[in-house]
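Participant: The sequence and its predicted three-dimensional model are supplied below.
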Number of protein chains: 2
Amino acid sequence: MNIRTKVPVELGSRGYEIIIGDGLLEAAGELLAPVLGKRKRVVIVTDSAVAAAGHLKRLEEGLAKTGVSAGSVTVPSGEKSKSWPQLAEVCDQLLAMKVDRGTLLIALGGGVVGDLAGFAASIVMRGIDFVQVPTTLLSQVDSSVGGKTGINTVAGKNMVGSFYQPRMVLADLDCLATLSARELRSGYAEIAKHAAISDAPFFGWLEDNGGLVVTGDRDAQAVAIEHSCRTKAAIVAEDEREGGRRALLNFGHTFGHALEAETGFGEKLLHGEAVAVGMVQAMDLSVRLGLAPRSDASRLASHLRAVGLPFSTTVIQNAPFDEDRLLAHMAHDKKASDGRLTFVVSHGLGSAAVLNDVPADQVRPSLGI
Amino acid sequence: MNIRTKVPVELGSRGYEIIIGDGLLEAAGELLAPVLGKRKRVVIVTDSAVAAAGHLKRLEEGLAKTGVSAGSVTVPSGEKSKSWPQLAEVCDQLLAMKVDRGTLLIALGGGVVGDLAGFAASIVMRGIDFVQVPTTLLSQVDSSVGGKTGINTVAGKNMVGSFYQPRMVLADLDCLATLSARELRSGYAEIAKHAAISDAPFFGWLEDNGGLVVTGDRDAQAVAIEHSCRTKAAIVAEDEREGGRRALLNFGHTFGHALEAETGFGEKLLHGEAVAVGMVQAMDLSVRLGLAPRSDASRLASHLRAVGLPFSTTVIQNAPFDEDRLLAHMAHDKKASDGRLTFVVSHGLGSAAVLNDVPADQVRPSLGI
């Protein structure tokens, strides 16, 4: 076990630490000791792919070393598990395992597991403690920081959920070794986003080192994850419930969600890929509104292209997309208020802001970018 | 409209006021103005019985007076609506009505509607504002104070839910006029409970005036509701998430829940009726443990009998009950920790405490009381 760094998420009594390192699962019992206290039993929620990759066994063994026994609930892998029936199933299974208010839940997996298990933890017995053990690059830099949980409904993605902070996050670099190159790139898109909205020097570092991150260089991954978590943690600490600044984290997401909705939220276009294209679209909108220099739009698109991410709707299967359908998806986005369109726009790389009341006609030219 | 009193629930940024009075629904737009701000649209969640009693129409008209329009979702009346499918249905209907993060939800009804709609409000879009308009005596003195929401699952009652505070509570005495005598008595049990756990002088007042409360005397009802809300609000303010003192509000509930489970959570034994019998059982346990004087047990039973509430398991349909089944229900109660039995015991009328690790054999003699 090798702890590389700890990133604090400063949220008062709900604050917690993100531990980044190697071999953390094998030392889970020791690392979670401050959270576990006298508890000697936990429940793990994971998915079939994560279990098949061996992470569940590693975690169970890491807990057993300090005498902690673990029950587990395994859901099917994939976005479809973020559903009402699966939420009810997970809660009912947890209750059937006789969890009580003192039980600790461990969410082991990517964003889907984190969102679903975190939501379940927030409502079973009106809330039990939980810990995130994110196994993908995307979840290590994004969904494990900030306490957003949720499921998808017929009305859209993450339409039902809660703000519920974990007690600790273990980001084990070993887990990244089992990811495909495409999954690594998808996670990388959120790292690039964190740089794009609030840290120009970090964006410069990514231009030099992003290729190492997506090809599996441990040291580069550790730096990128730490920096990314610090950026997000700072924003979340200012605005836990997304009343203001936290909305900046949605850069590229309003455009991206619309593309995901049109491609079925699945393998055709992964979340990070949609965010990559969405950022390019949001940057184009920003340039046309006179808010950001064209050169920054080019830098962003070039960098995404360099690391192998899609950088234009034209490279997505199914393109071109119907503009009216994309706009309709955007209007239903839950960040919308009273039906007006709201976007996170760029003021140049490293700076972003929320812009309300954007007329649809101003958005259209960016949809085909 | 006549405001009789306002009871503050002191929870810092989550604090709110309970307004108690007559004709409040007809003045809802005016009363909710501080919460509504510039909002001119709300969604109401209610049940078919409440709508049929005319309360929905009164509320809609009261809102229309200040130009506030209201959509509504009506669920079937009864405990069965506190279910996974109904929770999903309410959330999906709210989302289909295009609620956004700024929408105010009004829960209009008894405890079932309050628990279900409050839970929905806490998770739709990860939480939207809501207001409680309790229409039963039970909900006016109990579930509308303190922010507990939830649904029932196969594992038991309120096994899934959230702590989520309303922005305001309107307790309109007019609504009580449409209740049956039995429903009034059921609500009265929680009033008696509040006195029994923390206010001996109030218990004395109830011995003199309880009959007026359950037969519809407005002034007596107003006093009882105010006093009851103040008692509960003080306890909740000390311990919002039931880590300590709030557990006292479960006096009579561990026994009562077991009886409800055996009678199907329905018309055979209403919640307040179960609590009434449960309090007598808890008092008997307290006396046998040497914690409370036998004379107080007699006073409690006599008073419940005087207002027409059941005061012994022997007067319940289906009695006698199987002791092992009742104990099994208690062991699954979510206040249990690691399988040990926990009870709220009395130290005499007006004083109560939590007692952990009670062996089943000490409980048995109280089960047939």
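Facilitator: Looks like it came in fine.
Participant: How much space separates the residue lying closest to A:Met283 once chain neighbours are set aside from A:Ile106?
Facilitator: The shortest distance from A:Met283 to any non-neighbouring residue, by Cβ to Cβ, 6 or more residues apart in numbering or on different chains, is to A:Ala297 (4.4 Å). Using the backbone N, CA and C atoms, a C-beta is placed for each residue, glycine as well. A:Ala297 sits 42 Å away from A:Ile106, going by Cβ to Cβ, to the nearest Å.
Participant: neighbour count winner among the two?
Facilitator: A:Ile106 (27 against 24; other Cβ atoms under 10 Å in any protein chain shown).
Participant: How about the residues of the stretch 51-200 of chain A by chain B?
Facilitator: A:84, A:88, A:91-92, A:95-96, A:98, A:100-102, A:119, A:122-127, A:148-150, A:153-156, A:158-163 (Cβ under 8 Å from any Cβ of the partner chain).
Participant: Among these, which ones are in helices?
Facilitator: A:84, A:88, A:91-92, A:95-96, A:119, A:122-123 (DSSP state H).
Participant: Any quick PyMOL command for the buried ones out of those residues?
Facilitator: Here is the PyMOL command that selects the buried residues among those (16 or more other Cβ atoms under 10 Å in any protein chain shown):
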select buried, chain A and resi 84+88+91+92+95+119+122+123
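Participant: Confirm the residue nearest to A:Met283 sits in a strand?
Facilitator: No. Counting by DSSP: H, G, I helix; E, B strand; the rest coil, one finds A:Ala297 to be helix, located in no strand.
Participant: Pull the contacting residues for it.
Facilitator: A:280, A:283-284, A:286-287 (Cβ atoms under 8 Å, 6 or more residues apart in numbering or on different chains).
Participant: who touches A:Arg288 in this structure?
Facilitator: By Cβ under 8 Å, 6+ apart, the neighbours of A:Arg288 are A:362, A:365-366.
Participant: Other residues contacting the host helix or strand of A:Leu105?
Facilitator: Per DSSP states H and E: A:Leu105 is located in strand A:104-109. Strand A:104-109 has contacts (Cβ under 8 Å, 6+ apart) with A:28, A:32, A:35-36, A:39, A:42-47, A:50, A:55-56, A:59, A:70, A:77, A:94, A:99, A:113-114, A:116-118, A:120-121, A:124, A:128-136, A:139, A:166-167.
Participant: Just the CA atoms of that strand, as CSV, please.
Facilitator: The C-alpha coordinates for strand A:104-109 follow below in CSV (Å, rounded to 0.1, in the frame of the first residue of the first chain):
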residue,chain,number,x,y,z
LEU,A,104,-21.4,1.3,6.8
LEU,A,105,-22.0,1.0,3.1
ILE,A,106,-19.1,0.9,0.6
ALA,A,107,-19.8,1.8,-3.0
LEU,A,108,-17.3,0.0,-5.1
GLY,A,109,-17.4,0.8,-8.8
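Participant: That one: partners in the sheet, and parallel or antiparallel?
Facilitator: strand A:41-47 (parallel), strand A:130-134 (parallel) (DSSP bridges).
Participant: which of those sits most buried?
Facilitator: Counting by mean count of other Cβ atoms under 10 Å in any protein chain shown, strand A:130-134 has the highest mean neighbour count of the strands paired with strand A:104-109, with a mean of 29.
Participant: Residues contacting it, please?
Facilitator: With Cβ under 8 Å, 6+ apart as the criterion, strand A:130-134 contacts A:24-25, A:28, A:32, A:35, A:55, A:59, A:104-111, A:114, A:117-118, A:121, A:139-140, A:143-144, A:164, A:166-172, A:175.
Participant: For the contacts of A:Ala297, which entry has the maximal number of neighbours?
Facilitator: A:Met283 leads the contacts of A:Ala297 on contacts (other Cβ under 10 Å) with 30 neighbours.
Participant: Reformat the strands paired with strand A:104-109 as TSV; add mean pLDDT and distance to B:Ala261.
Facilitator: TSV is the format used below for the strands paired with strand A:104-109 (pLDDT from 0 to 100; distance: least, Cβ to Cβ, whole Å):
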stretch	mean pLDDT	distance to B:Ala261
strand A:41-47	97	24
strand A:130-134	98	28
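Participant: Same list (those strands) but as JSON lines, adding distance to B:Lys65.
Facilitator: Putting the strands paired with strand A:104-109 into JSON lines (distance: least, Cβ to Cβ, whole Å) gives the following:
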{"stretch": "strand A:41-47", "distance to B:Lys65": "49"}
{"stretch": "strand A:130-134", "distance to B:Lys65": "46"}
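Participant: Out of these, which gets nearest to B:Val345?
Facilitator: strand A:41-47 (28.1 Å; Cβ to Cβ).
Participant: hey, C-alpha coordinates of the closest one in CSV?
Facilitator: Taking C-alpha atoms only, strand A:41-47 is exported to CSV below (Å, rounded to 0.1, in the frame of the first residue of the first chain):
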residue,chain,number,x,y,z
ARG,A,41,-19.4,-5.4,9.5
VAL,A,42,-20.0,-3.5,6.2
VAL,A,43,-22.1,-4.0,3.1
ILE,A,44,-20.6,-3.5,-0.3
VAL,A,45,-22.6,-2.4,-3.4
THR,A,46,-20.8,-3.1,-6.6
ASP,A,47,-21.6,-4.2,-10.2
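Participant: Just after that strand, pick out the following helix or strand.
Facilitator: Strand A:41-47 is succeeded, C-terminally, by helix A:48-52 (DSSP H and E).
Participant: List the buried residues of that next one.
Facilitator: By neighbour count with 16+ other Cβ under 10 Å, helix A:48-52 contains the buried residues A:49-51.
Participant: neighbouring contacts of that helix?
Facilitator: So helix A:48-52 is in contact with A:56-57, A:72, A:74-77, A:108-110, A:113, A:135, going by Cβ under 8 Å, 6+ apart.
Participant: do stretch A:351-369 as well
Facilitator: Counting by Cβ under 8 Å, 6+ apart, A:196-198, A:200, A:244, A:247-248, A:251, A:255, A:280-282, A:284-285, A:288-289, A:291, A:312-314, A:320-321, A:323, A:326-327, A:330, A:337, A:340-347 sit against stretch A:351-369.
Participant: How far off centre is the strand holding A:Leu105?
Facilitator: Relative to the centre of its chain, strand A:104-109 is centred 16 Å away, using Cα atoms, centre = their mean, to the nearest Å.
Participant: what is the mean pLDDT for that strand?
Facilitator: Across strand A:104-109, pLDDT averages out at 98.
Participant: Ok, stretch A:224-241 next?
Facilitator: Rounded mean pLDDT across stretch A:224-241 is 90.
Participant: Same check on stretch A:61-73?
Facilitator: Rounded mean pLDDT across stretch A:61-73 is 97.
Participant: quick one: buried residues of that stretch?
Facilitator: Result for stretch A:61-73 [16+ other Cβ under 10 Å]: buried residues A:62-63, A:68, A:70-73.
Participant: Secondary structure for those - can I get that in TSV?
Facilitator: Formatted as TSV, those follow (three-state DSSP):
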residue	secondary structure
A:Gly62	helix
A:Leu63	helix
A:Val68	coil
A:Ala70	strand
A:Gly71	strand
A:Ser72	strand
A:Val73	strand
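Participant: right, and A:Ala196 touches A:Arg299 too?
Facilitator: No. With contact defined as Cβ atoms under 8 Å, A:Ala196 does not count as touching A:Arg299 (9.6 Å).
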